[in-house]
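>>> Quick one, what's the 3D model for this:
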Amino acid sequence: MALTINGNGTLSGENVTSSLNLVVNGQGYSPTLTLTDGATINWDTDSGQVATVTLGGNRTVAAPTNLEDGSFYALEVVQGTGGQTLSWNTVFKFTGAVAPTLSTAAGAKDFITFRSDGTNLYEQGRSIGVA
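Below you'll find the predicted structure:
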């Protein structure tokens with residue numbers, strides 16, 4: 001669902017678009033969404049563009065749902081007890097066609113950002129072993 005601020009200052013919703021620019025005084029952000037750990041990790045991006053997951057074992061990230069063309073998405077991957085691996089659905093496109101090798105220490109955090117074309121997620125950056 002989209003929220004639109006009309007030229008007269010009124011709000012309307014449900015995927016309404018406008019040719020006006022949106023200026024945010026202050027911060028515009030997506031609160032961090034906690035994804036459910038499991039054999040397959042699912043991410044509905046309508047629930048949040050920024051997500052975190054703590055791995056409890058070797059996992060696979062499914063194709064996220066509700067991707068929007070031009071949107072940016074960020075994923076924080078936290079090692080549970082350490083040494084977990086992550087496989088990625090083919091919609092994830094990585095620099096040099098190589099998925100990141102995750103940190104292995106318990107509690108280690110890795111961050112990966114993507115830009116979407118509405119179908120695929122193209123890696124924009126990675127920070128491995130941040131904590």
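>>> Which pLDDT value goes with the nearest residue to Phe72 once chain neighbours are set aside?
Sequence neighbours aside, Arg115 is the residue nearest to Phe72 in space, at 5.4 Å (criterion: C-beta to C-beta, 6 or more residues apart in numbering). For the C-beta atoms, the positions are set from N, CA and C on the backbone; glycine is no exception. Here, the pLDDT recorded for Arg115 equals 98.
>>> ok, now which ones touch Arg115?
70-73, 121-122, 124 (C-beta atoms under 8 Å, 6 or more residues apart in numbering).
>>> Dump these into CSV; add pLDDT and neighbour count as well.
Converted to CSV, the contacts of Arg115 look like this (pLDDT from 0 to 100; neighbours: other C-beta atoms under 10 Å):
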residue, pLDDT, neighbour count
Gly70, 95, 8
Ser71, 96, 16
Phe72, 97, 14
Tyr73, 98, 21
Leu121, 98, 27
Tyr122, 98, 14
Gln124, 98, 13
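>>> bridging residues for the residue nearest to Phe72?
Phe72, Tyr122 (DSSP bridges).
>>> do you know how far it is from Asp69?
According to C-beta to C-beta, to the nearest Å, Arg115 and Asp69 sit 9 Å apart.
>>> ok, now Leu121?
Applying C-beta to C-beta to Leu121 and Asp69 gives a distance of 11 Å.
>>> Check Ala63 too.
For Ala63, the distance to Asp69 - C-beta to C-beta - is 15 Å.
>>> Those two: which has the busier surroundings?
Per other C-beta atoms under 10 Å, whichever of Ala63 and Asp69 has more neighbours is Ala63, with 15 against 9.
>>> Brilliant, that's me finished.
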